[in-house]
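Peer 1: Got a sequence here, can you build the structure:
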Amino acid sequence: MRNLVMTVIGPDRPGLVEELSATVAGHNGNWLESRMSHLSGHFAGLLRVECPEEHCEDLLATLRGLENLNVSVSTELVKETNRQRIIAFDVVGNDRPGIVQELSSAIVRAGGNVEELVSNLESAPHAGHPVFRATGSVAVEADFDEGGLVTALEALGPDLAVSLDT
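Peer 2: Residues are numbered from 1 along each chain as shown. This is a model prediction of the structure:
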């Protein structure tokens, strides 16, 4: 068996996920996990598939042959890590250019590694102007002090509300 990590990007259309999943299943593949989004008219997917070695090349050729779809594939990397805890976070505040870079830098400086990040603009309650929201998870070592992460994130600006779930 071979584990494949794929990005799939193209114009969104009804039935696209069904077509992808049928293609994987039709090549004896097992869809292990995925993240998918609709972004500005496009479908963007990240998925991990397990497939028998003898079917991998046919699976990849079929996926790459799907209409208007760009498929990029990597072999799964298994890496030893000393990260032992996952902390979920939620950050809300006024949007500004560079806020995702500031957020990711603060997480790294505090000793964490971004495992998942979802960001978007939302309408502020009662005000209606757009506000930035980021949710996700950070991998940390077992003895990590959450207070340092909160301090690093709150230092990005007085308008940011930060919450962690450990």
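Peer 1: partners of the most centrally placed residue in the chain in the sheet?
Peer 2: The centroid of the chain falls nearest to residue 116 when counting by Cα atoms, centre = their mean (4.7 Å). Taking DSSP bridges, one obtains residue 137 as the residues bridged to residue 116.
Peer 1: ok, how many other residues are close to residue 122?
Peer 2: For residue 122, the neighbour count with other Cβ atoms under 10 Å is 11. For the C-beta atoms, the positions are set from N, CA and C on the backbone; glycine is no exception.
Peer 1: and it, what does it touch?
Peer 2: Residues in contact with residue 122 (Cβ atoms under 8 Å, 6 or more residues apart in numbering) are 92, 130, 131, 133.
Peer 1: Helix or strand: which one has it?
Peer 2: Element membership of residue 122, judged by DSSP states H and E, is strand 113-123.
Peer 1: So what's the residue count around the residue nearest to residue 108 when sequence neighbours are not counted?
Peer 2: Take residue 108 and drop its neighbours on the chain: the residue closest to it by Cβ to Cβ, 6 or more residues apart in numbering is residue 114, 8.0 Å away. By other Cβ under 10 Å, 15 other residues sit near residue 114.
Peer 1: In JSON lines: the contacts of residue 122, plus neighbour count.
Peer 2: Converted to JSON lines, these look like this (neighbours: other Cβ atoms under 10 Å):
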{"residue": "92", "neighbour count": "16"}
{"residue": "130", "neighbour count": "13"}
{"residue": "131", "neighbour count": "17"}
{"residue": "133", "neighbour count": "16"}
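Peer 1: Let me know the closest of those residues to residue 8.
Peer 2: residue 133 (25.3 Å; Cβ to Cβ).
Peer 1: distance of that closest one from residue 31?
Peer 2: 29 Å (Cβ to Cβ, to the nearest Å).
Peer 1: ditto for residue 60
Peer 2: Residue 60 sits 15 Å away from residue 31, taking Cβ to Cβ as the criterion.
Peer 1: same thing with residue 86?
Peer 2: 23 Å.
Peer 1: Doesn't residue 17 lie inside a helix?
Peer 2: Yes - according to DSSP: H, G, I helix; E, B strand; the rest coil, residue 17 belongs to a helix.
Peer 1: show me the contacts for it.
Peer 2: Contacts of residue 17 (Cβ under 8 Å, 6+ apart): 36, 43, 45.
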